[in-house]
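> missing the sequence, but the structure's below:
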């Protein structure tokens, strides 16, 4: 006997195309022009914040930084779809999500100056700090999601992982756990086409990354990750459905810049690779839409940019005033101070090692 | 040729690939990119993508697959981009690479090199600066090597490629480009399991490795202490004989490493000296190491890593006993 026991498929969704045309059937009802304008402003803010962090790094005022430029729609669309009590689990590039979710901007800059004090997140921001080891955050997200269900909070967890991250066992383990536990987890694959120098094709021979969800038995969708409307709708739908279990959303976007400031993309990709994505810019298409509707012009643009830059500069100034306290390394290691550790700390103070 | 550690390692890998058709390099970004530190630069163009393999992003996959290749007669040279990411492959190393030989009473072995950048001092992101030598040394069955200069880096790498064992090859990021040295262009070996007396002396033995070798050298030079400096080079199995011989001569022992103090390799070395030479000591053994906490984010690393002044104070202390 031979019979087919499983068929799987993955849908692709785009709502706003590269010219700013909107699919009137797919667009969620709540997304009126004011909301779309909001999305535009948040994406622009994220790009401005990113540019500032990059420039600080280039001036030696920040540590190695992972730019988000090009990935604004994936981050802002999904962040705006979250409810106030939903929980967010990043990797190391979701600055735009943090921005929307209310991370104090000075904390952002303190983190990228190289201090753990920037990872304190802030009250009311339901998130864990940046997670650097690739995909290791995903099982945490599944656990946080299980806890929401167990404690009946009604909150959903939205977690982010890159295209490279889907090659890690942790990614599959997390979505599989969430599936078995019917945990309210939305896993967003921020597929920006590159894992440092390795193109998406080196990660998997699957035609989509979303289809990896099929192996965990959970629903998945692939969206135009540079279309903020499609990312919003996919995330919103997945959150709404999360009481029934997890979803995977693959957002097709593009890393327009380097992996981090320590990376030199000219070593492995050509300008032509990048140019092809310039016309698909996530902000540009919304600007076209707003222009066509007569809702935006250059003076509004520059007023917005000035206001955003002011907020950013104020935050940088506040972060620059941050003073490191080496004792904090010792005082935050355990829930109590072991005598043996206190002795090390006291010895370091007495010897004057921190004064140099 | 005059070269830094990156150049010396690159040259060693080139010679290994040339010499042994069963040797392959695999890891993340080792191909076109030449590795994030450029240690494999140019080898992809020279040997092709079947021998210099850009793998999917999975540390457990890289190491586990390498173990399989080794079991089937190849000699894989795996790169894990940073030591802080290698914990994802810890099971493969501890449960498998370390044990295949003993489990099969030497009918199977794992000829494999796992290269990874270690230690800090270069203001990297979180999880990019760990000094994990003791994790891999503790299990038994894994050879753990850490060069402190270009000459040793090349010779130890070539030696590792000629051995029929899993070798964890730790490369201090800070020393990659810190200085150049004359390195022979031909194939040569530096013995594994043999410490190097970097500087002979009579009054004090300082045992160290990796990033701390130049720190100790500078501190000793500035003070003019008549110290014998030993670069262990191989953390496991340790060259106990060279250490004991020196300590018996000088009567004073100090161990300096960048890894955390508590349960570090310094404790092992100290215990061996205490067990076998305590009556020859004129002063208590001193360990100088990082504080007993995980490597901090770079804003704090200057307060954490042992520096010349910390070593210098320890020298004053031990010499005053």
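Arrived safely, thanks for sending. Every value quoted in this text rests on a predicted model; they were computed, and no experiment measured them. Residues are numbered from 1 along each chain as shown, chains lettered A, B, ... in the order given.

> Kindly report the residues of the stretch 51-200 of chain A close to chain B.
A:63-64, A:92, A:113-116, A:130, A:132-136, A:164-165, A:167-170, A:195-198 (C-beta under 8 Å from any C-beta of the partner chain). For glycine as for every other residue, the C-beta is placed from the backbone atoms N, C-alpha and C.

> Inside helices: which ones of the residues you listed?
Among those, the members found in helices (DSSP state H) are A:113, A:169, A:170.

> count of neighbours near the second one?
Residues near residue A:169, counting by other C-beta atoms under 10 Å in any protein chain shown, number 16.

> Spell out which parts of the stretch 201-350 of chain A neighbour chain B.
Residues of the stretch 201-350 of chain A lying near chain B by C-beta under 8 Å from any C-beta: A:202-204, A:260, A:262-263, A:267-268, A:324, A:326, A:328-330, A:333, A:340-341, A:344-345, A:348.

> Filter those down to the ones in helices?
Among these, the members found in helices (DSSP H) are A:328, A:329, A:330, A:340, A:341, A:344, A:345, A:348.

> Against residue B:303, how distant is the closest residue to the last one other than its chain neighbours?
Residue nearest to residue A:348 in three dimensions, not counting chain neighbours: residue A:354, with 6.4 Å by C-beta to C-beta, 6 or more residues apart in numbering or on different chains. In this structure, residue A:354 and residue B:303 are separated by 5 Å, where distance is defined by C-beta to C-beta, to the nearest Å.

> which one of those two has more residues nearby?
Neighbours were counted for residue A:354 and for residue B:303 using other C-beta under 10 Å; residue B:303 has more, 20 against 16.

> Walk me through the domains of the chain.
This is for chain A. When chain A is parsed with automatic domain parsing, its domains come out as A:11-324, A:327-356.

> Wait, chain B was what I had in mind.
Per the record, chain B has its domains at B:2-182, B:196-320, by automatic domain parsing.

> Please, where are all the helices along the stretch 151-300 of chain B?
B:212-223, B:240-250, B:265-277 (DSSP state H, counting those that start in this stretch).

> looking only at pLDDT, what's the mean for the longest one?
It refers to helix B:265-277. For helix B:265-277, mean pLDDT is 98.

> How about stretch A:65-72?
For stretch A:65-72, the mean confidence score works out to 98.

> Past the host helix or strand of residue A:47, which element shows up next along the chain?
Assigned by DSSP states H and E, residue A:47 falls within helix A:33-58. Counting by DSSP H and E, the next helix or strand C-terminal to helix A:33-58 is helix A:72-81.

> In terms of secondary structure, what does that following helix contact?
helix A:33-58, helix A:95-101, strand A:185-191, helix A:228-241, strand A:247-252, helix A:282-292 (3 or more C-beta pairs under 8 Å, 6 or more residues apart in numbering or on different chains; DSSP states H and E).

> Now tell me what touches the host helix or strand of residue A:275 from outside.
For residue A:275, the host element (DSSP H and E) is helix A:271-278. The contact list for helix A:271-278 (C-beta atoms under 8 Å, 6 or more residues apart in numbering or on different chains) reads A:70, A:226, A:254, A:256.

> Including neighbour count, distance to residue B:316 and secondary structure, could those residues go into CSV?
Shown next, in CSV, are those (neighbours: other C-beta atoms under 10 Å in any protein chain shown; distance: C-beta to C-beta, whole Å; DSSP: H, G, I helix; E, B strand; the rest coil):
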residue, neighbour count, distance to residue B:316, secondary structure
A:70, 25, 55, coil
A:226, 27, 62, coil
A:254, 23, 58, coil
A:256, 19, 55, coil
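
> Now the two most distant members of these.
A:226 and A:256 (10.2 Å; C-beta to C-beta).

> Can I get the domains of chain B in TSV including distance to chain A?
As requested, the domains of chain B are exported to TSV (distance: least, C-beta to the nearest C-beta, whole Å):
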stretch	distance to chain A
domain B:2-182	3
domain B:196-320	4
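
> what do residue A:226 and residue A:256 both touch?
Common neighbours of residue A:226 and residue A:256 (C-beta under 8 Å, 6+ apart) are A:70, A:277.

> sorry, back to before: quick check on the residue nearest to residue A:348: phi, psi?
Dihedral pair for residue A:354: phi -90, psi 0, per degrees, to the nearest 10.

> Flag every buried residue along the longest helix seen in chain B.
Longest helix of chain B, by residue count under DSSP H: helix B:5-19. If you call a residue buried by 16 or more other C-beta atoms under 10 Å in any protein chain shown, then helix B:5-19 has these buried ones: B:5-17.

> what about residue B:25, which helix or strand?
Here residue B:25 is assigned to strand B:23-27, by DSSP H and E.

> now the helix or strand containing residue A:310 against helix A:33-58, angle please.
Using DSSP H and E, residue A:310 maps to helix A:298-320. Using axes from the mean of the first three to the mean of the last three C-alpha atoms, to 10 degrees, the direction of helix A:298-320 lies 50 degrees away from that of helix A:33-58.

> So for helix A:298-320, mean pLDDT?
98.

> now it against helix A:282-292, angle please.
Using the same axes, to 10 degrees: helix A:298-320 against helix A:282-292 is 140 degrees.

> helices or strands next to helix A:298-320 in the packing?
helix A:33-58, helix A:105-113.

> got CSV for the ones you listed, with mean pLDDT and mean neighbour count too?
Output for the helices and strands packed on helix A:298-320, formatted as CSV (pLDDT from 0 to 100; neighbours: other C-beta atoms under 10 Å in any protein chain shown):
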stretch, mean pLDDT, mean neighbour count
helix A:33-58, 98, 19
helix A:105-113, 96, 23
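
> Same list (the ones you listed) but as CSV, adding distance to residue A:274.
CSV is the format used below for these (distance: least, C-beta to C-beta, whole Å):
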stretch, distance to residue A:274
helix A:33-58, 16
helix A:105-113, 24
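
> which phi and psi does residue A:141 have?
The phi/psi pair for residue A:141 (degrees, to the nearest 10) is phi -60, psi -40.

> And it, what's its pLDDT?
For residue A:141, the pLDDT comes out at 98.

> For the closest residue in space to it that isn't next to it in sequence, which three-state class applies?
Nearest in space to residue A:141, with sequence neighbours left out and distances taken as C-beta to C-beta, 6+ apart, is residue A:159 at 3.4 Å. Under DSSP: H, G, I helix; E, B strand; the rest coil, the three-state class of residue A:159 is strand.

> sorry, back to before: deepest of the domains of chain A, which one?
The highest average neighbour count among the domains of chain A, using mean count of other C-beta atoms under 10 Å in any protein chain shown, belongs to domain A:11-324 at a mean of 20.

> Determine which of the domains of chain A shows the lowest mean per-residue pLDDT.
domain A:327-356 (a mean of 93).

> That one: how far from the chain's middle?
Here domain A:327-356 is found 35 Å from its chain centre; the criterion is C-alpha atoms, centre = their mean, to the nearest Å.

> sorry, back to before: what lies in contact with the longest helix of chain B?
B:1, B:3, B:23-25, B:37-43, B:46-47, B:51-52, B:77, B:115, B:147, B:149-151, B:153-155, B:157-158, B:161, B:171-172, B:175-178, B:180-181, B:183, B:185, B:187.

> again, but for stretch A:95-103
By C-beta under 8 Å, 6+ apart, the list of residues contacting stretch A:95-103 reads A:42-43, A:45-46, A:49-50, A:53, A:68, A:71-72, A:75-76, A:78-80, A:82, A:88, A:90, A:105, A:108, A:121-122, A:124-127, A:160.

> Skipping adjacent residues, who's closest to the residue nearest the centre of chain A in space?
In chain A, the C-alpha closest to the average C-alpha coordinate belongs to residue A:94, at a distance of 2.7 Å (C-alpha atoms, centre = their mean). Once flanking residues are discounted, residue A:94 sits nearest to residue A:160: 5.2 Å by C-beta to C-beta, 6+ apart.

> Surely the one you found and residue A:190 touch.
Yes: counting by C-beta atoms under 8 Å, residue A:160 touches residue A:190, with 5.5 Å between them.

> Touching both of the two, which residues are there?
A:91, A:93, A:94.

> so what's the last one up against?
If a contact means C-beta under 8 Å, 6+ apart, then residue A:94 has A:68, A:75, A:88, A:130, A:160, A:190 as its contacts.
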